[in-house]
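need the 3D shape of this:
(3 chains)
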Amino acid sequence: MGSLLVVGELAPDGTLTKLSTEVATLARALGASAGASAGSTAGSAAGSTAGSAAGASAGSAAGSAVGGILPAAGADAAAAELARFLPSVVLEAGATADANASQRAAVIAAALDGISHVLLPASPDGRDLAGALSALTGWGVLSNATGTEPSDDGPVVEQSVFGGKLITRSVFSGDHGIITVRPNTVTAEPLAAPGAVTTRQTPPVTSIAQVRVVDHIEAEGAAVSIDDARIIVAGGRGVGGPDGFGLLQDLAMALGGAVGATRAAVDSGWIPYSQQIGQTGKIVKPQLYLAMGISGAIQHKVGMQTAEAIVAVNRDPDAPLADFADIYVVGDLFDVGRALLEQLRTRSG
Amino acid sequence: MRPVTNEDRAPGPYRLTEEHEMLRDAVRVLANERVAPRAAEVDRTGEFPEDLRRLLADHDILALPFPEEHGGLGGELLSICLAVEQLSRACATTGLILAVQELGSLPISIAGTADQQSRWFPRLASGDQLIAFALTEAEAGSDVAAARTTARRDGDHYVIDGAKRFISHGSVADLLVVFAVTGTDDARHRRLSAFVVEVPCDGFSVTRLEHKMGIRGSPTAELAFDGVRVPVGNRLGEEGDGFDIAMRTLDRSRPGIAAQAVGIAQGALEVATQYARDRRQFGQRIGDFQMIGAMLADMDAGTEAARQLLYKACVEIQAGAPDASRWSAMCKLVAGDTAMRVTTDAVQVLGGYGYIDEFPVERMMRDAKITQLYEGTQQIQRLVIARALLGKGG
Amino acid sequence: MRIVILTKPVPDPASGGERLLPDGRLDRANSAAVVNGNDEYVLEKALKLVAAAGEGEVILLSMAPANAPETMRKALAMGATRGVLLTDTALEGSCTWATTRVLAAALKTIDFDLVFAGVDTSDGGAGVVPAGIAALNGLPYLSYAAEIEPDASARTVRVRRISSTGYDVLEAGMPALISGTQALGEPRYPSLKGIMAARAKEITTLSLADLGIDPSTVGSAAATTRLVGSTPPPARAATRVIRETADVAAGEIVAFLADRRLI
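Sure, this is the predicted structure:
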């Protein structure tokens, strides 16, 4: 394995996403233990040319070097934040945060000397970038990783497929590859001392098809994102309407989490699509999934079944969720929900 | 009747094609969302659901039995039966709207000229017009050939006198296929001819609407023909062809009734199964008691068996199997008896709740009975099958 | 307005009918397949746009085993004009990189204004192929669309791209490639007329030879990734069912959460 490159990304408010810090932590762990495994490959150690983002030399016996790149001109604070998790970060000013995937991919592709593997967040932006980067480099992609570990064949990537029915482990056939990493795969851990940030300006590739950002719209009362929430309180058909989600909102706040929903609730217009969990919505892996009035049909289950703890409240004793929740309360979600809220509030004083 | 060999068997996989599944699912969605909510009311008021007829027309379901050249969908028998089954699962009366549209138009498909088909099919396919099959009389039920309604030739018209009884859709149809005696001196099975009568017209009246045990939203009428004049061009086939046209029609239409029966059975099975899941007595759900579980198992197996026989019969009949009559009679016999048994058991599973109209199974049981009676009683079906087995006389 | 829909048959997520070959790959030929859920949303949008334009076609493009015509049938029944099926036994076991290249090559044989794809596929799909195709073919790529508004006369298209706090409005010239989400709107149920009409619709097949692609550069032997093992997910602990009053039940939940250090 040669050097690893982590691509950071920004949230709409310009800060570094939490997922970026998790990917950085994962990459460091992968790089460190790669050195520990016997006969780590030298990768492409042949001469770091000027402009290489890798920093330290590749494939040293102490492990693979790990660096970061943030293709977002002017994002100094975010770059500094990423540098808390990586020994070196390049702030690539040749692409703005608004630049489309192909443009950012071109800039990253220009920085791959000595790099064997690129790790990206498995977010919409990350996936777009991974696809474009794969096309530009010919490197394969292993996406939505839920874990990685080193081996003599390079990084072994764990993925969950067929709606969670199978966990697979795959490697790249060659020496290079692109990996996208799911939220909550690891807990982000900063370095003892932050790394260095250098700025670079790669000339933009003008031949790439342009996409213009015309506007950024913030949704009214935008909900806390469920993408990387530690705790999710989700509602389904049983919630009965938008007002019912008020109770779930209170519960989420009391627990420090976010509100999610099934497709039925979204289709009924009770809550925006951004909060939908399931096959055509988001896949989440929180530490706690509190399911209120949700039956747990397969289309929803695939979105939340890897949650560490699942607690469900439902009037139907035979719903599918009863077979795989940790705790299944047969009861009215409002009665139980209000009692739970009261008890949580009393606890926290 | 020559022996049937393997070469005569229609080819086909033991799975519905993707197209059949899509069609079935499309009708099922419609039945669940738009038909099921109306079923109890249709039964209670006994009114023909004109809105549901419109719904079927708007969704091209009534176009299924008709050729594409006349605005139909060119659906084969299996497709029509899939649709009837899904509709009947929600409401037997509604399933019958499609089944009767097919039944009534079959004589025209079988014996009508291209000109006659292009005259009548377009508006039937669009659902703008309904057609009914007027064969049965007060004194001629199973004994079809004993019909007494006459059609006397008068220049370039026939004059029809007589009465028909138990005619489904008789009071709402725009077209009636009427079987009347044209040859009193001829052999028994050559006495009848078939005519398309366009109503309303002079001399025609609906004299009675039956109050029935089930399929109460489907109007079952007694029709009177008092000097009804019908142009010669409205006769189907030649004089004397009537009996044969009727028998060939029933060979193709009986699967439609089998489909209705399978649909009714399935609907009842689902209600009973859900009840057995929900209802708790003695500390557990009643479905977990073996006696209930056994009943449900028999209901499920029986319904599935009737269904598979129906689908197979459709494929065979569509492929022109020489033993079409046997297939037709078998699927109707098995499905009708199954529907009666399954719905009766469904009421039993629900206990007291099965007897009141809070649950639909009592209606389904009342609806199921007719499938053992019309388009040939079960006894007639058995005669047909026995004859196919044993061959004729001697 | 000519719109190509990139569509993929996937194992039916509801039926659990995924079959694996001995080497761990999905046995696509023997797993009952349905149209990928997300593809239906973009297909629906395309049908609406073409209908609004009053003219045009919706063309399905799929790389799949030879039995794929069955899964294209539903899309044709919904109203797509015709289908192009890219099939070749040499394609079995292709990785996303090969899939991207092959689809990009096939796309070059079709005249279009827009290409739509679902954001990802339910069979573990990455959602990376559309981005790759756009990059290879020099098409502007607009992803995660909740709304798509082409302006035929100006030859531009506007897309609302979902962000974690709302959405961005993007604009690009046509032709362009767009990946879309459920937010585009509920797909229509195929009408009976559509189902019967699908019989007569054309599906052309393309092989690697037609595209001038060397078979040794695709398929499992050339794949950039390789499966090394698979396991069922770890079993969850048995469910504890609670049928108590609301207060007691809530207390049990609180105890559980405290025990797991979640509160």
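
so where's the chain uncertain?
As the question left the chain open, I've gone with chain A. For chain A, applying pLDDT under 70 flags the ranges A:35-62, A:97, A:220-222, A:349.

that was the other one, I meant chain C.
C:13-33, C:67-69, C:121-126.

flag every buried residue along whichever helix in it runs longest.
Counting residues, the longest helix found in chain C (DSSP state H) is helix C:37-53. Neighbour-count burial for helix C:37-53, counted by 16 or more other CB atoms under 10 Å in any protein chain shown, picks out C:37-50. Using the backbone N, CA and C atoms, a C-beta is placed for each residue, glycine as well.

how about stretch B:367-378?
Neighbour-count burial for stretch B:367-378, with 16+ other CB under 10 Å as criterion, is recorded at B:Asp367, B:Ala368, B:Lys369, B:Ile370, B:Thr371, B:Gln372, B:Tyr374, B:Glu375, B:Gly376, B:Gln378.

show me how far the longest helix of chain C is from its chain's centre.
Centre-to-centre, helix C:37-53 and its host chain are 13 Å apart (CA atoms, centre = their mean, to the nearest Å).

quick one: name whatever helix or strand follows that helix.
Once helix C:37-53 ends, the next helix or strand along the chain (criterion: DSSP states H and E) is strand C:57-63.

which strands and helices sit next to that following strand?
Packing partners of strand C:57-63 (3 or more CB pairs under 8 Å, 6 or more residues apart in numbering or on different chains; DSSP states H and E): strand C:2-6, helix C:37-53, helix C:69-78, strand C:82-86, helix C:96-107.

enumerate the residues of the stretch 101-250 of chain C near chain B.
Within reach of chain B by CB under 8 Å from any CB of the partner chain, the stretch 101-250 of chain C has these residues: C:Tyr189, C:Pro190, C:Ser191, C:Leu192, C:Lys193, C:Ile195, C:Met196, C:Ala198, C:Arg199.

quick check on the fourth one: phi, psi?
Comment: the main-chain dihedrals of C:Leu192 come out as phi -60, psi -40, following degrees, to the nearest 10.

just give the closest residue to it, not the sequence neighbours.
Nearest non-adjacent residue to C:Leu192, counting by CB to CB, 6 or more residues apart in numbering or on different chains: B:Asp60, 4.4 Å away.

which pLDDT value belongs to the one you found?
pLDDT recorded at B:Asp60 is 95.

that one is in contact with C:Ile195, isn't it?
No. Counting by CB atoms under 8 Å, no contact exists between B:Asp60 and C:Ile195, whose distance comes to 9.4 Å.

which one of those two is surrounded by more residues?
Per other CB atoms under 10 Å in any protein chain shown, whichever of B:Asp60 and C:Ile195 has more neighbours is C:Ile195, with 28 against 22.

the more buried one touches B:Arg24, doesn't it?
No. The pair C:Ile195 / B:Arg24 is not scored as a contact, 9.9 Å apart, by CB under 8 Å.

C:Ala209: neighbour count?
By other CB under 10 Å, 11 other residues sit near C:Ala209.

any idea how far it is from C:Val115?
23 Å (CB to CB, to the nearest Å).

and the helices in chain C?
In chain C, the helices defined using DSSP H lie at C:37-53, C:69-78, C:96-107, C:129-137, C:192-197, C:208-211, C:246-259.

so which of those is the most packed in?
Ranked by mean neighbour count, these are led by helix C:129-137 with a mean of 27 (mean count of other CB atoms under 10 Å in any protein chain shown).

any part of the longest strand seen in chain C near chain A?
The residue-count maximum for a strand in chain C (DSSP state E) belongs to strand C:141-151. Yes. Part of strand C:141-151 sits near chain A under the criterion CB under 8 Å from any CB, namely C:Tyr141, C:Leu142, C:Ser143, C:Tyr144, C:Ala146.

which residues does that strand contact?
Strand C:141-151 is touched from outside by A:100-102, A:124, A:127-128, A:132, A:209, A:211, A:273, C:1, C:45, C:49, C:113-114, C:116, C:119, C:130-131, C:134-135, C:156-162, C:167, C:170, C:172, C:174, C:176-181, C:183-184, with contacts defined as CB atoms under 8 Å, 6 or more residues apart in numbering or on different chains.

and for stretch B:31-42?
Contacts of stretch B:31-42 (CB under 8 Å, 6+ apart): B:49, B:51-52, B:55, B:86-87, B:89-91, B:93-94, B:216-217, B:357, B:360, B:363.

what's the PyMOL line that selects buried ones from those residues?
Restricted to buried positions by 16+ other CB under 10 Å, the PyMOL selection for those reads:
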select buried, chain B and resi 49+52+55+86+87+89+90+91+93+94+216+217+360+363
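
just the contacts of stretch B:31-42: which are in strands?
Among those, none falls in strands (DSSP E).

closest to A:Leu82 among the contacts of stretch B:31-42?
Nearest to A:Leu82 among the contacts of stretch B:31-42 is B:Gln86, at 57.7 Å by CB to CB.

low-confidence ranges, chain B, go.
In chain B (pLDDT under 70), the answer is B:1-13, B:393-394.

domain assignment for it?
Domains of chain B are assigned by automatic domain parsing as B:18-130, B:132-239, B:243-390.

looking at those domains, which is closest to A:Asp215?
Between A:Asp215 and the domains of chain B, the tightest spacing by CB to CB is seen for domain B:18-130, at 38.3 Å.

can you give me the end-to-end span of that closest one?
Terminal residues of domain B:18-130 lie 30 Å apart, using CA to CA, to the nearest Å.

sorry, back to before: the buried residues of stretch B:367-378 also near chain A: which ones?
With CB under 8 Å from any CB as the criterion, no member of the buried residues of stretch B:367-378 is in contact with chain A.
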